[in-house]
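Q: fold the following.
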Amino acid sequence: MKKFRRIGAIVVIALLLSMYIICFIAAVQGSENAKTVFKAALGLTVALPIVLYAFLLMLRLAQGKKQETTPDGDVPEPDEDVPEEEDQG
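A: Coordinates of the predicted model:
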């Protein structure tokens, strides 16, 4: 999961940087579509990270909580140093 998260972040960063470069080139050349490209860059600056976060959240929910195991396959016992919470109410 951590590896996938890192790859997703790198892809989003690469997309954002390439989008900014295209926007800069369009503005320097005086393109007629420079304003449209700038508006798209602003919108995608917000939208791409949100889409990545939503995708990772759905992936995490689809996988569910995996129960931790020790290297030999046993489920570890809870720490005895940490007291269990008691119902106060």
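Q: low pLDDT regions in the chain?
A: Within the chain, the segments meeting pLDDT under 70 span 65-89.
Q: mind listing the helices for it?
A: Ranges of helices in the chain, per DSSP state H, are 2-29, 34-63.
Q: name the residues of the last one that are buried.
A: In terms of neighbour count (16 or more other C-beta atoms under 10 Å), helix 34-63 has its buried residues at 34, 37, 41, 44, 48, 52. Bear in mind the C-beta positions are built from the backbone N, C-alpha and C, glycine included.
Q: over to the first one?
A: Of the residues in helix 2-29, those buried by neighbour count under the rule 16+ other C-beta under 10 Å are 8, 12, 19, 23, 26.
Q: what's the distance between the third one and Phe4?
A: For Met19, the distance to Phe4 under the criterion C-beta to C-beta, to the nearest Å works out to 23 Å.
Q: same check, this time on the second one
A: Val12 sits 13 Å away from Phe4, going by C-beta to C-beta.
Q: could you do the last one as well?
A: Ala26 sits at a distance of 33 Å from Phe4 (criterion: C-beta to C-beta).
Q: could you do the fourth one as well?
A: To Phe4, Cys23 is 29 Å away according to C-beta to C-beta.
Q: let me see the contact set for the nearest residue to Gln63 once chain neighbours are set aside.
A: Of all residues not flanking Gln63 in the chain, Met1 sits nearest, at 7.3 Å (C-beta to C-beta, 6 or more residues apart in numbering). Counting by C-beta atoms under 8 Å, 6 or more residues apart in numbering, Met1 makes contact with 59-60, 63.
Q: kindly report the same for Leu59.
A: Applying C-beta under 8 Å, 6+ apart, the residues near Leu59 are 1, 4.
Q: distance-wise, check it relative to Thr36.
A: Leu59 is 33 Å from Thr36, by C-beta to C-beta.
Q: sounds good, over and out.
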